[in-house]
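Novice: here is the input, now give the coordinates:
(one chain, ligands or ions: 1)
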Amino acid sequence: MTQQMDTRLRFLEADVSRSPESFADVVAEGLSAAQKWLPCRYFYDEAGSHLFEMICDLPEYYLTRTERAILDTHADAMLKAAGDISALVEFGSGSGCKTRILLDAAGKNRPNNLSYIPVDISGEFLYNSSRALMQDYPGLSITAIAAEYNDAISMLPPRSGPRLFLFMGSNVGNFDPCEAASFLARIRSGMHSEDRLLVGIDLHKHHSHLEPAYDDAAGVTSRFNKNLLKRINRELGANFDLDQFDHHAPFVDHHSRIEMRLVSQREQTVRIAALDRKFTFQPEEYIHTENSHKYSHAAFSRLALEAGLAIENSWTDEREWFAVCLLKPIEARH
Ligand SMILES: C[S@@+](CC[C@H](N)C(=O)[O-])C[C@H]1O[C@@H](n2cnc3c(N)ncnc32)[C@H](O)[C@@H]1O
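Specialist: Sure, this is the predicted structure:
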């Protein structure tokens, strides 16, 4: 772990050399599978994080706008329900633009003694967004953790009072339901009875609204998806021809999820120098790059229960397209 100090900003970075799996290992495993796949966390280098910010402003991408509107309307109520918190801990913080709504609401009551602990795999982007927050919120102290979610849990600073954990933007939908339950259970295992967890979930809706959100007319989501291939070319010396892959984002009913795919237009072979290997693609064969699961309130409530959490309160929009749920730990029975 490396550490950088500023007066109010501490920046911690996971030591990737100690990680059991390198990017090269993950790419080798994913492209060798019968159904080729790559984990979506690798979308987020500096360029990928900026592309995601552009996606958030697209007319088709209702998720950010809807969640932001829920926060605009209900941030005071959310903080009141969360109690007298001393820290916000956010997994997958991104630009922190929605966090600012909560910080503004929290600042009305206690401007000078709140700490913010954002966690994000996109280190440079996290550093810049943390510096911007530090400048805009003079009373805030920040410990930013550049790491994968699971690695970050053991790097969190010691608890100094009630904490509100945040997992916004439908990030939980990127996990399969089993993985989601086990990640929420890991957060739960570090929670005290007064701590709370706020989770943003994308609710079921007709696929005619879902699919354009992940396949916009301007082609930004396509660039975001193909950024993964660009990254493999740059970091692992591969020769993917980005024009020979199409971005697809169908809604897959039986999994209740959008699947992002990169579909090969023809038979082609790609060489990855760092692996000293070649991978062949058949026409129409695809790499599965991301899942975005959609939940009903009931299904999410069951998932939370599996993780030892109960929904204490939830807020939604008029169309009921998105929900922000406040979860509390279920006390163990003695
Ligand atoms: C879909 S964006 C959401 C950003 C923000 N929470 C929002 O609501 O707009 C996902 C964010 O989580 C980060 N991220 C994705 N997978 C991650 C992982 N496995 N560990 C840590 N951060 C991750 C990305 O870098 C990105 O900033």
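
Novice: wait, what's in contact with the residue of the chain found nearest the ligand?
Specialist: Using Cβ to the nearest ligand atom, G169 is the residue of the chain that sits closest to the ligand, at 2.2 Å. All C-beta atoms are positioned from the backbone trio N, CA, C, and that covers glycine. Residues counted as contacts of G169 (Cβ atoms under 8 Å, 6 or more residues apart in numbering) are L63, T64, E67, G92, G94, K98, G200.

Novice: the fourth one: what's it in contact with?
Specialist: With contacts defined as Cβ under 8 Å, 6+ apart, G92 is in contact with V119, D120, I121, Y149, F167, M168, G169, N171.

Novice: show me which residues of the stretch 101-250 of the chain are close to the ligand?
Specialist: V119, D120, I121, S122, E148, Y149, M168, G169, N171 (Cβ under 6 Å from any ligand atom).

Novice: farthest pair in these?
Specialist: E148 and M168 (17.6 Å; Cβ to Cβ).

Novice: if we can go back for a sec, in strands, which of the residues of the stretch 101-250 of the chain next to the ligand fall?
Specialist: V119, D120 (DSSP state E).

Novice: surely A304 touches L326?
Specialist: No - between A304 and L326 there is no contact, the gap being 10.6 Å when judged by Cβ atoms under 8 Å.

Novice: mutual contacts of these two, please.
Specialist: Counting by Cβ under 8 Å, 6+ apart, the residues touching both A304 and L326 are I311.

Novice: and the contacts of G92 as a markdown table, adding pLDDT?
Specialist: Putting the contacts of G92 into a markdown table (pLDDT from 0 to 100) gives the following:
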| residue | pLDDT |
| --- | --- |
| V119 | 98 |
| D120 | 98 |
| I121 | 97 |
| Y149 | 97 |
| F167 | 98 |
| M168 | 98 |
| G169 | 98 |
| N171 | 98 |
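
Novice: which among the residues you listed gets closest to F23?
Specialist: I121 (11.4 Å).

Novice: gap between that closest one and L305?
Specialist: 28 Å (Cβ to Cβ, to the nearest Å).

Novice: least confident secondary structure element in this structure?
Specialist: The least trusted helix or strand in the chain, going by mean pLDDT, DSSP states H and E, turns out to be strand 2-5, with a mean of 56.

Novice: pick the one among the residues of the stretch 101-250 of the chain next to the ligand closest to E21.
Specialist: E148 (9.9 Å).

Novice: measure the closest one to P59 for me?
Specialist: From E148 to P59 the distance is 32 Å (Cβ to Cβ).

Novice: compare neighbour counts for the two and give me the winner.
Specialist: The residue with more neighbours, out of E148 and P59, is E148; 17 against 11, by other Cβ atoms under 10 Å.

Novice: which one of I121 and L305 has more residues nearby?
Specialist: I121 (22 against 14).

Novice: next, give phi and psi for that one.
Specialist: Dihedral angles of I121 (phi, psi; degrees, to the nearest 10) stand at phi -80, psi -20.

Novice: same check, this time on F279
Specialist: Dihedral angles (degrees, to the nearest 10) for F279: phi -130, psi 130.

Novice: tell me how many other residues crowd the nearest residue to it once chain neighbours are set aside.
Specialist: Nearest residue to F279 in three dimensions, chain neighbours excluded: L31, at 4.8 Å (Cβ to Cβ, 6 or more residues apart in numbering). Using other Cβ under 10 Å, L31 is surrounded by 20 other residues.

Novice: beta partners of T269?
Specialist: Judged by DSSP bridges, the bridge partners of T269 are T280.

Novice: tell me the contacts of it?
Specialist: Per Cβ under 8 Å, 6+ apart, neighbours of T269: K278, F279, T280, F281.

Novice: now, of these, which are buried?
Specialist: When those are checked for burial by 16 or more other Cβ atoms under 10 Å, the buried set is F279, F281.
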